[in-house]
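# below are the sequence and a predicted model for it; my questions follow.
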Amino acid sequence: MGKKWKIKTSTPKLDELEKGPWPSFIKELKTLAERKPAVEHLLGQMEQSYETNTNYWTGTVLNLDGYGGGVIARYSDLAKKFPEVAQFHTIRVIEPSAFVYSTKALRELCDVSENHSAGILQLHGMTGDILMLGSTNESMHTAGEALMEKGWDIGGSGGALRTLACCIGPARCEMACYDTLEVTKRITDTYISQLHRPDLPYKFKFKLSGCANDCANSMQRSDMPIIGTWRDNIQVDHAEVAAFIAEHGVDFVVDNVITRCPTKCITLKNKKIEIDDKNCVHCMHCINVMHKALAPGKDKGVTILLGGKRTLKIGDTMGSVLVPFMKMETEEDNEKLIDLIARIWEFWGENGMEHERVGEFIERVGLGTFLEGVGIEPDPQMVKHPRTNSYIKFEEYTKPLMAGEASKSPLVTNKEVEGKETA
Amino acid sequence: MATPGKKMAPRDNGAPDYKKYLHPLMVKNYGKWKYYEKVKPGVLKHVAHSGDVLYTVRAGSPRTLSVDTIRKVCDLADKHCQGFLRFTTRCNIEFQVTSAEAVEPLIKDINEILGFPVGGTGNSISNIIHTQGWMHCNLPGTDAAGSVKALMDTLYEDFINERLPQRVRISASCCQINCGGQSDIAINLQHHHPPKINHANMQICELPKTVAICPVAAIRPATVDGKDSLMVVDEKCMYCGACHGQCPSMEIRDPQTDSLAIWVGGKTASTRGGPSFMKLATFGLPNNPPRWPEVGDAVKKILDAYKESAKPYERIGEWIDRIGWKRFFEMTGFKFTKYHIDTYRYARTTYNMSTQVRL
C-alpha cells in the first residue's frame, strides 16, 4: 500500500497488484485518488469487479458538436455507490507519428487531463491513440476545446477511420524503406473528416511499417497494412560479410542465415555471400542477422495489403497482397495512395454491409470481384497459388452480381489480357 | 454551459506535427541511419552515416499512467534527453542520449525516480499489449491489465535480460473479440454458453442489426410476452459475443463459467516463413483475480519448453512447426483434446493430410 494512501475506499484485491517488480497501474491510480474523487470511485468499482468477476460499465454514444467520433462514453452501473464515476468517458486523441513527443507536448496533455479529466492517460491504446480517461458529459467538451486550442485533434470511434499508427521508420531505423511518419500524417490529414465523422460500413485501420519486420504490427492489426520493401538488389558490404563470418564462423552463417532464407536464395561460396535477388521475397531475416553487412536495396517502395483484423466476426484475418510494389517517395506517389484508398472506400462503402470490415467484405464477394471493383488487375503475387477447385463462374455465362458488367470480362478463350497499372 | 461545440466544429487540426517532436539527432540523420548495435539489454546504439551516435534506453511502463508519473518522465527527458522521448508499439518508453557516458545515469534515474525497469529489447519478453478490461470497457469478462501486471512480475527477469532463443511477444484480451492481437503467446477470455437474453430490455437494441451481426446466423426474431425480441439457436451459436457488442441485452459473459485460454505461435512479421496465426495451447484456466496465478504457471511451462529446445532465431510458432505439436504437448504437459481440433471455417485445412507423423 502506498504510504500516502488516505482515501476511504478499501481495495484489498487491487492492493495485491501493487506488489512485485513490474510497475503497477494500480499505484498510478492511487496516486491520483488522493486529489481526484473520480479515481477513488474508479478504484472502488474495479475492486467490486475483482470481487465478482463482473463488469460495471455501460457503453453509449456521445459526441462533441460537429464530431461523430472521438469519445468513448461510459456510464457506471454502480452510480449510486460510486457517483463520481457515473459518467466516465474516454477521449481518443490523435497521437504523433511513431509516438514521438517533446516534453512540452506531453505536459500539455497532462494539463488538459488534470484540469478537465481524471488525470489518467494511457500511452497508448491498442489502435495507437492517446487515451484520456475520466471526462463527464460536461467536461468532455471543455477537455476537447482545450485540446483543440493547443492544436491536438481527436477522433476514431464507431464506423470511422481509426487513428493511424506507424513504426519509428527513417527517424531512427536504417531498415525503413519509406517515410512511415510522413505518410501516416498525410493519410490522417487528408482523411481527417473520416476520423471525425463516421461514414464507412465499419471501422478502418491503417498501420504503417517501414519493412517486413512490421514493428507496427500492421499485418493483422490493421485493415490496410502498408509495409516497406525494395525491388532491386540487397546491398552487400563484402568486407562486413567477411568480418561477420570471421567473428561467428561459417556454421553460424549456414545455420542462421543461409538455411533460414524462405526462398533459399542465398548461397555461401568461398566465404562469400551470393544472393539470387530475383527470388528474394524481402523478408528481412538475413538483414536482421547481418545488419552491418546487408541492407535493403536502393529502389525502395511499399507493398500494400488489405483485410487484416482480429477475431470478431469471421475469425482472425491477415492482410493479403493488394499492390505488390508501389513507389512511395514523391508527391505523385502519395496522391496515388490517397486515390487508391478512396477507390477502396467507395466500393466497400457502396457494397459493404453495416459492421462488415473490408476483409470480411472481400471474403464475402471474393478477391477477384473486389479487384474489379477498385480497378486493380489480378496479379499472381496476390495469392499463394491459383485456385484448386473447378467451380468457376465464367462471366460470359453468368452475369456478375457486382463490380462490372459481363461484357467487361475477357472471353474464356482469350489468352491475352491487357495489363493496366496496378495501382 | 456555453456552446463549446460551436467553436470546435469546424476544426480539423489533423495529426500533430511529428517533426517538432523528434530528437535533434533524429532530425539531422532522418533517413540516413547506417546500422545499430545492441549495447546491453534495454540499450540500443544507432549509428548514422554522418558518424552521429544515438543511444536508446527502453523502459517498461504500466501503460495506464497518472499525469504525476508522466510529468516525472518529462523531467527525466528534460534532464537527460534534450526534452524529447518516444513510446513503442508495445507501450515501452524510449529515452535517447547522445553519448555512452550518459546511459548509466539515465538508467539510474529511470530505475530510482520512475521505478521502471530497463529492458524489452532483442531476445527478451517485451511489454505485454492488452485490452481495456474492467477499468473502462463495456464488454470485458476479465481484467487484462491485472493479469498482465501479475504476469510481468513473473516474467520480469526475461524483460531485463536477453536470454531467450528469439524475441517473445505476449498479448492479453478481455473477451472473444480479442482486441489484444496476434502474439507468440496470448491470454484470452473464453465464453462457454450462448448469450442470456433479457427479453424485458430489448427495446434498447436494434433487432435487425443484432440478427445480421451473427456470423453463424444463429439469431432469429421472436415474440416473447407479446413483445418483439430475439432467440438464439443454441446448437449454432459459438459464443463469440458479436451480438453482445451490438445489443447489451444479449449478455454473453458469465462470472461463473468464463475461463481463460492460452494461444501460441502468432507472428506478424513477414520474416522467414511469414506471419502466422496463434493456435490453442490450453484452455479452462480459472478467471482468477487479483493475480491469476494459473496463467503465470501455464505461460512458464511454454517458455521453459521453448528455452530448452528452440534454436536461435526461432519464434515460438517456428519452433513448434519444427518439433511438431505432439512434442509441444509432451513438453508442456498440456493435454491435447478434441477441443484443440478446429470446427470453424476451413477446419479441414488444419488436418494433417499426409503420412508425415512423428513416431
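Received, thanks. Residues are numbered from 1 along each chain as shown, chains lettered A, B, ... in the order given.
# of all the residues in chain A, which one is nearest chain B?
Going by C-beta to the nearest C-beta, chain B is nearest to residue A:65 of chain A, at 2.1 Å. For the C-beta atoms, the positions are set from N, CA and C on the backbone; glycine is no exception.
# and that residue, which of the three is it?
When the structure is reduced to helix, strand and coil (DSSP: H, G, I helix; E, B strand; the rest coil), residue A:65 reads as coil.
# number of residues surrounding it?
As a burial measure, the neighbour count of residue A:65 was computed by other C-beta atoms under 10 Å in any protein chain shown and equals 13.
# go on, residue A:389?
5.
# name the element it belongs to?
Mapping residue A:389 onto the secondary structure by DSSP states H and E places it in no helix or strand at all.
# repeat that for residue A:42.
Under the criterion of DSSP H and E, residue A:42 resides in helix A:37-52.
# distance from stretch A:359-374 to the middle of the chain?
If you compare the mean C-alpha spot of stretch A:359-374 with that of the full chain, they lie 21 Å apart, counting by C-alpha atoms, centre = their mean, to the nearest Å.
# buried residues, it. List them.
Residues of stretch A:359-374 classed as buried by neighbour count (16 or more other C-beta atoms under 10 Å in any protein chain shown): A:359-363, A:365, A:367-374.
# in helices, which of the residues you listed appear?
Secondary structure assignment by DSSP state H places A:359-363, A:365, A:367-374 of the buried residues of stretch A:359-374 in helices.
# pick the one among these closest to residue A:331.
Closest approach between those and residue A:331, by C-beta to C-beta: residue A:374, at 22.1 Å.
# interface residues of the stretch 151-300 of chain B facing chain A?
Within the stretch 151-300 of chain B, the positions adjacent to chain A are B:152-153, B:156, B:159, B:176-182, B:209, B:212-215, B:240-242, B:245-246, B:248, B:253, B:255, B:258, B:266, B:268-275, B:277, B:287, B:289-291 by C-beta under 8 Å from any C-beta of the partner chain.
# host element of the closest residue to residue B:298 other than its chain neighbours?
On the basis of C-beta to C-beta, 6 or more residues apart in numbering or on different chains, the spatially nearest residue to residue B:298 that is not a chain neighbour turns out to be residue B:262, at 5.3 Å. When elements are assigned from DSSP H and E, residue B:262 belongs to strand B:259-264.
# what is the rounded mean pLDDT of the helix or strand following that strand?
Towards the C-terminus, the helix or strand next in line after strand B:259-264, according to DSSP H and E, is strand B:279-286. Per-residue pLDDT values across strand B:279-286 average out to 98.
# need the CA coordinates for strand B:279-286. PDB is fine.
Output of strand B:279-286 as PDB, limited to C-alpha atoms (Å, rounded to 0.1, in the frame of the first residue of the first chain):
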ATOM      1  CA  LYS B 279      -3.100 -21.900 -32.100                       C
ATOM      2  CA  LEU B 280      -4.800 -23.200 -29.000                       C
ATOM      3  CA  ALA B 281      -2.400 -24.500 -26.400                       C
ATOM      4  CA  THR B 282      -4.500 -24.900 -23.300                       C
ATOM      5  CA  PHE B 283      -7.900 -23.800 -22.000                       C
ATOM      6  CA  GLY B 284     -10.100 -23.800 -18.900                       C
ATOM      7  CA  LEU B 285      -7.800 -21.800 -16.700                       C
ATOM      8  CA  PRO B 286      -9.800 -20.000 -14.000                       C
END
